[in-house]
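A.B. asks: give me a 3D structure for the following:
(2 chains)
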Protein chains: 2
Amino acid sequence: MAQKPSIPKGTRDFGQQEMAERNYIFDTIRSVFKTYGYAQIDTPAMENLSTLLGKYGDEGDKLLFRILNSGDAFSGIDYESFRTEGDAYNSKALSLKVCEKGLRYDLTVPFARFVVQHQNEISFPFKRYQIQPVWRADRPQKGRYREFYQCDVDVIGSKSQVNELELVQIIDRVFKLLDVRVLIKINNRKVLTGLAEICGFPDKVVDITVAIDKLDKVGLDAVKEEMLGKGLTPEAVAVLEPVLLLSGTDAEKIAAMRKLMGGGSASGAVSETGLKGLDELEELFGLIDAAGIASDVEIDLSLARGLNYYTGAIFEVKALDFAIGSICGGGRYDNLTGIFGLPDMSGVGVSFGADRIYDVLKGLDKFPAGLKSATRVLFANMGSSELLYVLSVARALREAGVAVEVYPDSAKLKKQFDYADRKSIPFLSINGESEMQAGVVQLKNLATGEQKAFSKDDTAAILAFLG
Amino acid sequence: MAQKPSIPKGTRDFGQQEMAERNYIFDTIRSVFKTYGYAQIDTPAMENLSTLLGKYGDEGDKLLFRILNSGDAFSGIDYESFRTEGDAYNSKALSLKVCEKGLRYDLTVPFARFVVQHQNEISFPFKRYQIQPVWRADRPQKGRYREFYQCDVDVIGSKSQVNELELVQIIDRVFKLLDVRVLIKINNRKVLTGLAEICGFPDKVVDITVAIDKLDKVGLDAVKEEMLGKGLTPEAVAVLEPVLLLSGTDAEKIAAMRKLMGGGSASGAVSETGLKGLDELEELFGLIDAAGIASDVEIDLSLARGLNYYTGAIFEVKALDFAIGSICGGGRYDNLTGIFGLPDMSGVGVSFGADRIYDVLKGLDKFPAGLKSATRVLFANMGSSELLYVLSVARALREAGVAVEVYPDSAKLKKQFDYADRKSIPFLSINGESEMQAGVVQLKNLATGEQKAFSKDDTAAILAFLG
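C.D. replies: Numbers count the residues shown, from 1 in each chain, chains lettered A, B, ... in the order given. From the prediction side, this is the model:
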């Protein structure tokens, strides 16, 4: 009558091998965040639905996991009043009656909520990072999960583009340490606003942005068609077309855009916002050039990113040697905390996509050797007196920080050996009567076959042999 | 119209100081787990309710946080059939209709589920640790939260008490590293079963266990009264009373218990199970004596722990210098995975209570200095050309693993200095025109006032000064 165990669709167990690999990614990212003075915070998995609703659009509201109120959640409700027809009910309205809390959907809204709630305890500019799971009731599919980790790093309370520079440096350093070649693409949201202005549809900046964002995927004609479909005139599309065709160096792109924004487009319109965006881009590239970055960095004027709260620089990172979507992205926002009552707090941040980075490292075979087992030595169990003999050696090695295991049962040696093999433990130590009498321990390197005996108290020599 | 932000009751935000302190605890525990060859796994926050229900008793079922099914959760339900009276409804039954998933309540049941589900990929004995939050819809109060972390370490697939020994060694090492003196109390569940047998109420082992467990808190008379209240006869209580009064060394306690279990009690009954439990206790204390433990370890025959799945050794750890409940505990279980279809898998594990350990370290002022800020140096921002000058120094230090910050805005020095002060950053570096011309950086130790100039490329000398 036992249940066959399973986990909810879209969620995952991480076994020891995968955990070690994921921790390698998280530890690398964390180590870089730290050297730039970012400090970790954690927020609860559950937030009040009032904090979450309306922040991710209607589609996002639907994807929130809601938590049933504890206790007697269902009484006192007039179900008839929620009936729509037949046995169908208004689930949206009913869920608000019985659920006050929801699971975190991203780390950005909880961060904004945290900043506002704790504003009097925080030293601004506030540099925080956060590595936690988020949950979305999306349809699960390959590479899309209902529970996944985000690694966000943000600074809030400073308008200086030194912050943007540091984020680019952080991205550069993380991927250098992970040994993945990347292209960092940069744009500025004000330039996108400028484009909407010079083509005469300032209210269509989102539609234009969404269309331009697809240029890489669908090509020029499809982008133009989408813009026309969104109500832009052929004349407006003609104003935007040169932007979609821009090429050359970053400096050349900026110069060409300056002309367009300054009245040189087919419409002759001037956009102050667009010019400001170009100034910002130029300043940021100046800082990047001066600081020196190993990764490729380029202006991509078709880069839009979907999120509406960006107001300045926007970033996106692609792996050069592995085909997958963006593996890191973000941007500057001027009013993230406004909705919670703290206006005029400018910030900038990026988010590293741990799952995709994992796929890239797997695909390029970039995980370091030795992640499979932290254990360096298996001491075989040859019976109770031999056991007591090796326990003290094991203890000394452990206190020196080396991971060792003592096989707990005095099983057949073949079984113990198989265990070392399956766990990829590199050294085996078998000690019997004669070793005990001589006061030595045998150590065998299972890869090379080299075997040596050491005085049991000579921890230094043993450590040296273990490498 | 801004919302005043808040978080659900019983949950917590962890700011940078508290996170650093908590990470110190987690990192210490993790580092010890690793040296014993335990590997980390993660399981999803959400489990199917079928996995969770019935595993924690009726009370536990009520405390599960349930997750509303996504999509149209409420349609197709005949609400009338769930009505009990007036506008009251059967919330328990209704919640099963609209919720298939729940949040993890502990790490033990997900671990059992993991072992069964992945049994063909696992090398037994399987040594795993898991550090993740759990959620319980308990009434929040001081020290009791609705979201809190558990740190569990278990080995499954080995009956050897070498595993128990290693857990005791792990406990000893963790608290030594945390600089907290502890008492490790040990008992054996079979001894408790034996007590129920010799007093003639073998089916009342749970009641007897629960009563005995309270001896420390409520005293002898209240324990006896509780046993009588549970249906034990005065004669049965008289059989048990000598056990509650036991004192002396561990060896003396075991010897006295051996007499009672062997037919020497007032009932004259013999318990084979009880004698087996005493053999196990004796073996474990022999191992502990041979291996050598710095902490105090003692047999506590009144130690029961509430959980019913224990079948052998049981552990509980108390801080000696700080009054708080148990800070770590666990035991051996012989059939944890049986409910999921994998019988006869014996395991043993303990769980470290991170929140209480945090309170102990706070109370005893045992957190190391320097956790407040990882940042060692703040480079003041004196304007754009000075900024570019210090960026390269900052970069070299960061690549050497030192956390440094460059103040992003060219604000008044007072403001920048205050920032360093509030973040407890120990070194300040102010560099203007003259430093740039001389190619040096100034570094000031804010605690001692000592100030020195270094060649800007002499990273080694700078690192030495930073200590």
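
A.B. asks: next helix or strand past the strand or helix carrying A:Ile212?
C.D. replies: When secondary structure is defined by DSSP states H and E, A:Ile212 falls within helix A:205-213. Proceeding C-terminally, helix A:205-213 gives way to helix A:215-218 as the next helix or strand, assigned by DSSP H and E.

A.B. asks: list the buried residues in that next one.
C.D. replies: Buried residues in helix A:215-218, counting neighbours by 16 or more other Cβ atoms under 10 Å in any protein chain shown, are found at A:Leu215. To be clear about C-beta, it is placed using only N, CA and C from the backbone, and glycine gets the same treatment.

A.B. asks: repeat for stretch A:276-288
C.D. replies: With burial defined by 16+ other Cβ under 10 Å, the residues of stretch A:276-288 counted as buried are A:Lys276, A:Gly277, A:Leu278, A:Glu280, A:Leu281, A:Glu282, A:Glu283, A:Leu284, A:Phe285, A:Leu287, A:Ile288.

A.B. asks: ok, the fifth one touching A:Leu192?
C.D. replies: No: because the distance of 11.6 Å does not satisfy Cβ atoms under 8 Å, A:Leu281 is recorded as not touching A:Leu192.

A.B. asks: ok so, going back, same list, the buried residues of stretch A:276-288, but as CSV with pLDDT and distance to A:Asn48 please.
C.D. replies: Listed next are the buried residues of stretch A:276-288 as CSV, based on pLDDT from 0 to 100; distance: Cβ to Cβ, whole Å:
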residue, pLDDT, distance to A:Asn48
A:Lys276, 98, 37
A:Gly277, 97, 36
A:Leu278, 97, 41
A:Glu280, 97, 36
A:Leu281, 97, 39
A:Glu282, 96, 43
A:Glu283, 96, 40
A:Leu284, 97, 37
A:Phe285, 95, 42
A:Leu287, 94, 40
A:Ile288, 95, 40
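
A.B. asks: just give me the closest of those to chain B.
C.D. replies: Nearest to chain B among those: A:Leu287, at 7.6 Å, using Cβ to the nearest Cβ.

A.B. asks: which residues touch the closest residue to the closest one other than its chain neighbours?
C.D. replies: Across the structure, with Cβ to Cβ, 6 or more residues apart in numbering or on different chains as the measure, the residue nearest A:Leu287 apart from its sequence neighbours is A:Leu165 (4.3 Å). Contacts for A:Leu165 (Cβ atoms under 8 Å, 6 or more residues apart in numbering or on different chains) come out as A:Leu284, A:Leu287, A:Ile288, A:Ala291, B:Leu391.

A.B. asks: would you confirm that the fourth one contacts A:Ile170?
C.D. replies: Okay, so that is A:Ala291. No: distance between A:Ala291 and A:Ile170: 11.8 Å, which falls outside the contact criterion (Cβ under 8 Å).

A.B. asks: which of these two has more neighbours?
C.D. replies: Summary of the neighbour comparison: A:Ala291 and A:Ile170, criterion other Cβ atoms under 10 Å in any protein chain shown, with A:Ile170 having more neighbours (22 against 19).

A.B. asks: which element, helix or strand, includes that one?
C.D. replies: Using DSSP H and E, the secondary-structure element containing A:Ile170 is helix A:162-177.

A.B. asks: now A:Ile67
C.D. replies: When secondary structure is defined using DSSP H and E, the element that contains A:Ile67 is strand A:66-68.

A.B. asks: check the offset of that strand from the chain's centre.
C.D. replies: Counting by Cα atoms, centre = their mean, to the nearest Å, strand A:66-68 is centred 26 Å from the centre of its parent chain.

A.B. asks: gap between the helix or strand just after it and the chain center?
C.D. replies: Going down the chain from strand A:66-68, the next helix or strand is strand A:83-85, by DSSP H and E. Average the C-alpha atoms of strand A:83-85, do the same for its chain, and the two points are 42 Å apart (Cα atoms, centre = their mean).

A.B. asks: now swap in stretch A:305-314 and tell me
C.D. replies: 17 Å.

A.B. asks: and that stretch, C-alpha only, in PDB?
C.D. replies: The C-alpha trace of stretch A:305-314 is given here as PDB (Å, rounded to 0.1, in the frame of the first residue of the first chain):
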ATOM      1  CA  ARG A 305      14.300  43.800 -22.400                       C
ATOM      2  CA  GLY A 306      10.700  43.300 -21.600                       C
ATOM      3  CA  LEU A 307      10.500  45.000 -18.200                       C
ATOM      4  CA  ASN A 308       8.900  48.300 -18.100                       C
ATOM      5  CA  TYR A 309      10.500  49.600 -15.000                       C
ATOM      6  CA  TYR A 310      13.900  50.200 -16.600                       C
ATOM      7  CA  THR A 311      14.700  53.900 -17.200                       C
ATOM      8  CA  GLY A 312      18.400  54.000 -18.000                       C
ATOM      9  CA  ALA A 313      21.100  51.500 -19.000                       C
ATOM     10  CA  ILE A 314      20.000  48.000 -19.900                       C
END
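
A.B. asks: looking only at pLDDT, what's the mean for that stretch?
C.D. replies: In this model, stretch A:305-314 has an average pLDDT of 83.

A.B. asks: quick one: residues in contact with that stretch.
C.D. replies: A:161, A:164, A:186-190, A:206, A:210, A:213, A:277, A:280-281, A:284, A:303-304, A:316, A:329-336, A:346, A:348.

A.B. asks: so which of these sit within helices?
C.D. replies: Members of those lying in helices (criterion: DSSP state H): A:Glu164, A:Arg189, A:Lys190, A:Val206, A:Val210, A:Asp213, A:Gly277, A:Glu280, A:Leu281, A:Leu284.

A.B. asks: ok, the second one to chain B distance?
C.D. replies: The one in question is A:Arg189. To chain B, A:Arg189 is 19 Å away according to Cβ to the nearest Cβ, to the nearest Å.

A.B. asks: hang on, that residue packs against A:Gly274?
C.D. replies: No: counting by Cβ under 8 Å, no contact exists between A:Arg189 and A:Gly274, whose distance comes to 10.5 Å.

A.B. asks: what about the residue in the stretch 301-450 of chain A that chain B sits nearest to, how many residues nearby?
C.D. replies: Distances between the stretch 301-450 of chain A and chain B by Cβ to the nearest Cβ are smallest at A:Gly341, namely 3.2 Å. Close neighbours of A:Gly341, defined as other Cβ under 10 Å, add up to 14.

A.B. asks: just to revisit the earlier point, contacts for the helix holding A:Ile212?
C.D. replies: Looking at what lies outside helix A:205-213 - Cβ under 8 Å, 6+ apart - the contacts are A:192-193, A:195-196, A:199, A:201, A:223, A:226-227, A:230-232, A:240, A:243-244, A:302-306, A:308.

A.B. asks: let's see 7 Å
C.D. replies: Defining contact as Cβ atoms under 7 Å, 6 or more residues apart in numbering or on different chains, one finds that helix A:205-213 is touched by A:192-193, A:195-196, A:201, A:223, A:226-227, A:230, A:244, A:302, A:304-306, A:308.
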